[in-house]
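Chemist: Can you look at this prediction? I've put the sequence above it.
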Amino acid sequence: MQHVVATAGHVDHGKSTLVRALTGTDPDRWAEERRRGLTIDLGFAWTDLADGTTVAFVDVPGHERFVANMLAGVGPVPAALLVVAADGGWMPQTEEHVAALDALGVRHAVVAVTRADLADPAPVAADVRRRLASTSLAGSPTVAVSAPDAGGLPTLKAALRDLVAGLPQPDLGAPVRLWVDRSFTVRGAGTVVTGTLPAGTVRVGDQIRVGDRSAVVRGLESLGVTRGEVPAVARVAVNLRGVAHEDVRRGDALLAPDGGWAFTGQVDVGTTAEPGSMPADLTLHVGSAAVPVRLRPLAGRVVRLTLRRPLPLAAGDVGLLRDPGRHAIRCGFTVLDPRPRPLARRGAAAARGRELAGLDAAEELARRRVMTVTELTDLGLAPPVQPVGGWVIDPGHLEALRSRLAAVVAAHAAAHPLDDGPPVETVAHALALPDRALVEVLVRATYAVRAGRVVDRRAGLPAYVLDGLDRLAADLRDAPFAAPDAARLRELGLGEAELAAAERAGRLLRIAPGVVLLPDAPERAATALAGLRQPFAVSEARTALGSSRRVTVPLLELLDRRGRTRRGPDDRRVVRTTPPT
C-alpha cells in the first residue's frame, strides 16, 4: 500500500538531502535547483519500508519566495515530515510551514532534526516540541538524523512506518478529484498531469472532466510503474486524451464526471481565527489551487468568500487563507456551504453566519423540509432520517404530506371513479414535491404505486359497476362462453371505462376488443375441449363451447398463448394435459 508524506521546513535545512538519503533518488528535478542547491518547485521520490509499506515523498521548497509552490504540494497530502536543522533551529520558513500545516489541520507528522553531526540536536528538538505544543502537530515524534553517514535513518524509517500505519483509510469508492500539481507533454503519449490522489480510484479508460472539457484516461503511472488503476492515497501520473497540456495547469482538478462535483465561485466557510483584523483581499489555497478571494464576515468565525475563479469544492474541504501583501498565513478554513444562497435583505449576513456556526442536520432539514442527500453532505451534515431515492424529508413535513396525499387521492377518486388512482406526476405536482420518487416515501399500507398511479388499497369499484358485473355473471352462469354483445353491455351500464376498471380489479377478462368473459373462462374452456377427439377443429370447439366464432377464435388463441392448447399446421388443436411451466 502506498502512503504520501510532504516535507516541510526552512530553506537549506536538508529536506531534499534527507529525502535522497531515505529513497536513493534526488527529488530536485530541475537543473536550476541542483545548481542553486535549493528546491524551487515540487520534487517527488519514494521508498519501501521494512514492512513493505511504500512511502512517497512530496519534497516542497523551503524558500519564502516559493511558499505558493510549497502549499500546492502540501494541500492534498495527509501527513508531513517536518525538517529542522540542528545547526539552524527554528527559522521563519519553519514557522510559516508549521502555520500552514496547522491551518490545514494536519495531525500526522514526524519531526527530523537534521545535521546532528554538526550540532547537538537535543536543544533544537526540545524547542521544536515546545513550539508545536499549541498546533495540530503537538506530540509528533522527534528523530535526530545525519544524512551523510545515515545516522538515525533506521529510527526515522521506523517512525515513518508508525506514522503511516496510523493514517485514516481512504475511501476508495469516493468520486475522483485529483488536484493537478504538474502538467506537461510526453513525446508519443501527449498530455500528462500529476497529483496526489486523496480518495477514490482512477482507472484507464475513465471519463474525466477538466474544467469545462472532457477527457479520457489513456494511461496511468504510479511510482514509475505503469498501472491499469491506481487507488488512493497515491502519487499518480495521468496520461490524458482529449485535452492539451496548455489547457491544464497547476490548481486545476481532474474530476469524475458523475461525482457530483460542482464549480462554485462563492463559499461560506468557518475559519480557525477571528476574521475581524484580516484584509478583505486574500489568497485561498486548497488542494494545489491558489485563487484570490474577497472576504465578507458573516458572524463569529463564519465568512463568505468570493473566488476570482470557480473551484470544485465540497463541504468539509479544508484550506487556508494567506495574505499575499504581508506574506503571512492568516488562518485555516473548512467549507460549510459550497453553494450558499444570496444575502439579499438587511441582516441576512449575520443571520446566515449564526445559522452556519451552529448548523444542525435536523434543524436544517426542518427549515428546508425537503433536501437531497447531496445538499446535506455539501453542508457537512449526515442525513438525520433514512434517505429514499437520494432524498430526505423532515418527519413533521412528511406527516403533513401524507394527510394531503389522502385528500389528493380522494379528490381524484371523486372526479374519476373508474381510475385506479391519480398518476404519480399529478400527486407530485399537487404536493409540490421536487421529484416523483418522493411519492414512494409517502405511501404506506393504505396506498401503493402501481403502473405509475397511486392506488388506494381499500378502494373498490363504484356500486353501479358492481351491480352491472353481478348481472353479467348471472348471464354467463349457464352459458360461460356466450359473451355479451355491445348492446347488452350498454344495458348493463358497462362502457369502456367501466370494463377497463373491472379488468384491472380482476373481475373480468377481455379476450378481444368488445369480447368479455369471466376470469375463469380459459380453464373452463380447456376442460370442455379436453373431452373432444384430439386434434379438433375450430368448428368443433365452437360447438363444444356453445359459442360463436367471434368468441371461440380469440379464446383458442389465448389458450395457445397460455400453453393450454397446441395449434397444428392444419389449424387443428390438441389440449395439453399438462400445461408447460
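Modeler: Perfect, I can see it now. Numbers count the residues shown, from 1 in each chain.

Chemist: in the stretch 251-400 of the chain, which ranges drop under the pLDDT threshold?
Modeler: Applying pLDDT under 70 to the stretch 251-400 of the chain picks out residues 344-360, 374-375, 377-381, 389.

Chemist: mind listing the strands for it?
Modeler: For the stretch 251-400 of the chain, the strands defined by DSSP state E, counting those that start in this stretch cover 253-255, 263-271, 281-286, 289-299, 302-312, 318-323, 328-337, 370-372, 391-393.

Chemist: which stretches of the stretch 401-550 of the chain form strands?
Modeler: Along the stretch 401-550 of the chain, counting by DSSP E, counting those that start in this stretch, strands occupy 447-450, 453-456, 509-512, 515-517.

Chemist: Could you give the average pLDDT over the shortest one?
Modeler: So the one you mean is strand 515-517. Strand 515-517 shows a mean pLDDT of 89.

Chemist: now swap in stretch 467-481 and tell me
Modeler: In this model, stretch 467-481 has an average pLDDT of 82.

Chemist: For it, which outside residues touch it?
Modeler: With contacts defined as Cβ atoms under 8 Å, 6 or more residues apart in numbering, stretch 467-481 is touched by 461, 482, 484, 488, 492-494, 498, 502, 507-508, 516-518, 520-521, 524-525, 545-547, 551-552, 555. No exception for glycine: its C-beta is placed from N, CA and C like everyone else's.

Chemist: From the residues you listed, which land in helices?
Modeler: The members of the contacts of stretch 467-481 that map onto helices under DSSP state H are 488, 498, 502, 521, 524, 525, 545, 551, 552, 555.

Chemist: Do I have it right that residue 534 meets residue 575?
Modeler: Yes. If you go by Cβ atoms under 8 Å, residue 534 and residue 575 touch, sitting 6.6 Å apart.

Chemist: Please identify which of the two sits among more neighbours.
Modeler: Taking other Cβ atoms under 10 Å, residue 534 and residue 575 do not tie; residue 575 has more neighbours (21 against 14).

Chemist: From residue 551, how far out is the more buried one?
Modeler: Distance check for residue 575 against residue 551: by Cβ to Cβ, to the nearest Å, it reads 18 Å.

Chemist: So for residue 123, which of the strands of the stretch 251-400 of the chain sits nearest?
Modeler: Proximity to residue 123 (Cβ to Cβ) singles out strand 328-337 among the strands of the stretch 251-400 of the chain, at 26.5 Å.

Chemist: Parallel or antiparallel, list what pairs with the closest one.
Modeler: strand 263-271 (antiparallel), strand 318-323 (antiparallel) (DSSP bridges).

Chemist: Residue 158 is nearest to which of the ones you listed?
Modeler: For residue 158, the closest of the strands paired with strand 328-337 is strand 318-323, at 29.0 Å, according to Cβ to Cβ.

Chemist: With just CA atoms, put that closest one into CSV.
Modeler: Extracted in CSV, the C-alpha atoms of strand 318-323 (Å, rounded to 0.1, in the frame of the first residue of the first chain):
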residue,chain,number,x,y,z
VAL,A,318,-10.1,22.2,4.3
GLY,A,319,-7.8,25.0,3.1
LEU,A,320,-6.1,28.2,4.2
LEU,A,321,-6.1,31.9,3.6
ARG,A,322,-2.9,33.7,3.0
ASP,A,323,-2.2,37.5,3.0
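
Chemist: So in the protein, which helix runs the longest?
Modeler: Ranking each helix of the chain by length (DSSP H) puts helix 395-415 first.

Chemist: Remind me what it packs against, helices and strands.
Modeler: Under the contact definition 3 or more Cβ pairs under 8 Å, 6 or more residues apart in numbering; DSSP states H and E, helix 395-415 sits against helix 424-430, helix 439-442, strand 453-456.

Chemist: got the CA coordinates for it in PDB?
Modeler: What follows is helix 395-415, C-alpha atoms only, in PDB (Å, rounded to 0.1, in the frame of the first residue of the first chain):
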ATOM      1  CA  PRO A 395     -40.600  13.900   9.700                       C
ATOM      2  CA  GLY A 396     -43.100  16.600  10.600                       C
ATOM      3  CA  HIS A 397     -43.400  17.700   7.000                       C
ATOM      4  CA  LEU A 398     -43.800  14.000   6.000                       C
ATOM      5  CA  GLU A 399     -46.900  13.600   8.100                       C
ATOM      6  CA  ALA A 400     -48.400  16.700   6.700                       C
ATOM      7  CA  LEU A 401     -47.700  15.500   3.200                       C
ATOM      8  CA  ARG A 402     -49.400  12.100   4.000                       C
ATOM      9  CA  SER A 403     -52.500  13.900   5.100                       C
ATOM     10  CA  ARG A 404     -52.500  16.000   2.000                       C
ATOM     11  CA  LEU A 405     -51.900  12.800  -0.100                       C
ATOM     12  CA  ALA A 406     -55.200  11.300   1.200                       C
ATOM     13  CA  ALA A 407     -57.000  14.400   0.100                       C
ATOM     14  CA  VAL A 408     -55.500  14.300  -3.400                       C
ATOM     15  CA  VAL A 409     -56.300  10.600  -3.800                       C
ATOM     16  CA  ALA A 410     -59.900  11.100  -2.600                       C
ATOM     17  CA  ALA A 411     -60.500  14.100  -4.800                       C
ATOM     18  CA  HIS A 412     -59.200  12.200  -7.900                       C
ATOM     19  CA  ALA A 413     -61.500   9.200  -7.000                       C
ATOM     20  CA  ALA A 414     -64.500  11.500  -6.800                       C
ATOM     21  CA  ALA A 415     -63.700  13.100 -10.200                       C
END
